[in-house]
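Colleague: Need coordinates for the below:
(one chain, ligands or ions: 1)
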Amino acid sequence: MALRKIVQVGDPILRKQCKEVKTVNDRTRMLIDDMIETMHDSDGVGLAAPQVGVLRRIFVVDVGEGPIVLINPEIVETSGEQTGSEGCLSIPGRYAEVTRPDHVKIRGLDRDGNPVEYEGDDLLARAFLHENDHLDGILYTDKVADDEVYLEEE
Ligand code: NI
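Modeller: Reported below is the predicted structural model:
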C-alpha cells in the first residue's frame with residue numbers, strides 16, 4: 001500500500017464526471033487500499049477516487065467503524081434532514097454547516113466486485129452523500145454560500 005497525493009480544490013480534476021468501473025481487478029484493489037491508507041493518514045472520514053486523481057466511480061468511508069468501500073455506488077433512498085459541520089480533505093482548513101438527508105440507503109460493489117447495500121444515518125449518511133457527490137464533480141462548498149465557508153480554528 002502507498003499514500004497517494006490528495007488533489008486540492010482549484011484542480012479541474014475535482015470538477016469532472018467520473019466513469020463507471022467496468023472490471024474490478026487487482027489494480028482496482030490496489031487503488032482502493034491506497035485510498036483507505038490515505039484517508040486514515042489524513043484523519044478523514046471519506047475519500048473519493050477523483051481526490052487521488054483517478055476519474056472512476058469509487059469511494060471509501062470510515063466513520064470509526066472500519067472502512068466501507070463502494071464501487072459504482074447508487075443512492076437508492078434518502079430521508080430526513082440534518083445540518084452539521086462538514087469538511088473535505090481536498091479543501092483543508094475549511095468547514096461549513098451543510099444540510100443533507102440524515103438517512104441514506106446506497107448500493108454498489110465491494111472491493112471484490114460483489115454487490116453490497118448499506119444504510120447509514122447521521123455522519124455515515126453525510127459521508128456517503130459527500131463522497132458520492134465527488135464522483136459527479138460536486139463539492140460541499142457548492143451547497144452553501146461563499147461566506148458560509150469558515151476557516152477552522154487552530
Ligand atoms: Ni470531500
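
Colleague: Could you list the buried residues of the lengthiest strand in the chain?
Modeller: In the chain, taking DSSP state E as the definition, the longest strand is strand 68-79. For strand 68-79, a neighbour-count test (16 or more other Cβ atoms under 10 Å) marks Ile68, Val69, Leu70, Ile71, Asn72, Pro73, Thr78 as buried. Where you see a C-beta, it was placed from the backbone N, CA and C, and this is true even at glycine.

Colleague: Partner strands of that strand and their direction?
Modeller: Applying DSSP bridges, strand 68-79 is found paired with strand 58-61 (antiparallel), strand 103-109 (antiparallel).

Colleague: and that strand, what's its mean pLDDT?
Modeller: On average, the pLDDT along strand 68-79 is 98.

Colleague: any idea how far the residue nearest the centre of the chain lies from Ala145?
Modeller: Central residue of the chain (Cα atoms, centre = their mean): Glu131, 2.2 Å from the mean position. According to Cβ to Cβ, to the nearest Å, Glu131 and Ala145 sit 23 Å apart.

Colleague: and what of His134?
Modeller: Distance, His134 to Ala145, using Cβ to Cβ: 21 Å.

Colleague: neighbour count winner among the two?
Modeller: Neighbours per residue, other Cβ atoms under 10 Å: of His134 and Ala145, the larger number sits with His134, 22 against 8.

Colleague: Roughly how far does the more buried one sit from Asp26?
Modeller: For His134 relative to Asp26 (Cβ to Cβ), the value is 24 Å.
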